[in-house]
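# Need the 3D shape of this:
(3 chains)
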Amino acid sequence: MDHYRTLLDAFGPQHWWPGETPLEIMVGAVLTQNTNWANVERAIDNLKHTGLLDVEKLVKFHPAELAERIKPAGYFNIKTKRLQNLMRFVWRNYDGDLDRFFNQSVAALRDQLLAVNGIGPETADDIVLYAAGKPSFVVDTYTFRVMLRHHFIAQDDDYDAIKAMFEDHLTADVPLFNEYHALLVAVGKNFCKPRNPLCAQCPLNVYEHDPNLPEEF
DNA sequence: TGCCAGGCCGGGT
DNA sequence: ACCCGGCATGGC
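Got it, this is the predicted structure:
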């Protein structure tokens, strides 16, 4: 918790998620899988400007045409399938009504998301936290790297173990989970880079970088 | 120019 | 139960 305070003081509020509506956030969560956010924004802009940011339209749009729109985000064929899988789930089970979809417990919502092919733990948590506004802590590669570099986790700790570490030590507060994850990404981008750790300048400079870690960590 | 970016799935051991 | 290749664009 004091680390949270340290990061907030160092970086300031991050104002995540960088998307406006719940639907836009869901789309962004799928498109950003292993992908630079700048590329995702181009893809989302293409969808916006052609009026495709709509559950029913995304379900019914021709896959090849949709793939063309989201091309800048990379992996466009597989992401077309994943996006349409997700939209089809909401369309069939909730008539495309996101408020109804989100109106259930965190655990139930997360489980439903995970059952959609193409939605893994991070994408599910992105959607639960940032689109639905429910407290589910998000773990991503930045989180993993920052935590490992600071010896807060072991190299073989899995997603759920890391997620549990945060959730066990924090109150289930949406603005806190929101900001904390965004701040960890800021640390990762600025100081905990692979092959180029800038530990000495990092606000979390509480350790000596371990040269025995694999370079990508 | 090669490496990287807010993962996940499916097939092979 | 792991492990690994595949998926693809744009920026530095």
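
# is any part of stretch A:187-197 close to DNA strand B?
Yes - contact between stretch A:187-197 and DNA strand B, assessed by CB under 7 Å from any atom of the strand, occurs at A:189, A:193-195. Any C-beta I mention is one placed from the backbone N, CA and C, and that applies to glycine too.

# Ramachandran angles for the residue of chain A found nearest DNA strand C?
Relative to DNA strand C, the nearest point of chain A is residue A:74 (2.6 Å; CB to the nearest atom of the strand). Phi and psi for residue A:74, reported as degrees, to the nearest 10, are phi 70, psi 170.

# residues from chain A in reach of DNA strand C?
Residues of chain A lying near DNA strand C by CB under 7 Å from any atom of the strand: A:34-36, A:38-39, A:42, A:71-72, A:74-79.

# Please tell me I have it right and residue A:69 contacts residue A:48.
No - between residue A:69 and residue A:48 there is no contact, the gap being 10.0 Å when judged by CB atoms under 8 Å.

# So the two - more neighbours on which side?
residue A:69 (21 against 14; other CB atoms under 10 Å).

# list the contacts for the residue nearest to that one when sequence neighbours are not counted?
Nearest residue to residue A:69 in three dimensions, chain neighbours excluded: residue A:46, at 4.4 Å (CB to CB, 6 or more residues apart in numbering). Residue A:46 sits next to A:69-70, A:72 when contact means CB atoms under 8 Å, 6 or more residues apart in numbering.

# let's see 10 Å
By CB atoms under 10 Å, 6 or more residues apart in numbering, the contact set of residue A:46 is A:52-53, A:66, A:68-73.

# can you check residue A:118 too?
Residue A:118 sits in contact with A:30, A:33, A:78-86, where contact means CB under 10 Å, 6+ apart.

# So it belongs to a strand, correct?
No - judged by DSSP: H, G, I helix; E, B strand; the rest coil, residue A:118 forms no part of a strand; its state is coil.

# Quick check: the gap between it and DNA strand B.
The gap separating residue A:118 from DNA strand B is 5 Å, by CB to the nearest atom of the strand, to the nearest Å.

# ditto for residue A:175
Residue A:175 is 15 Å from DNA strand B, by CB to the nearest atom of the strand.

# what do you get for residue A:90?
16 Å.

# okay, the residue nearest to residue A:154 when sequence neighbours are not counted: pLDDT?
Excluding the flanking residues, the one nearest residue A:154 by CB to CB, 6+ apart is residue A:148, at 7.8 Å. Looking at residue A:148, its pLDDT stands at 91.

# How about the helix or strand containing residue A:148, which residues are buried there?
Assigned by DSSP states H and E, residue A:148 belongs to helix A:141-149. The neighbour-count check on helix A:141-149 (16 or more other CB atoms under 10 Å) flags A:142-149 as buried.
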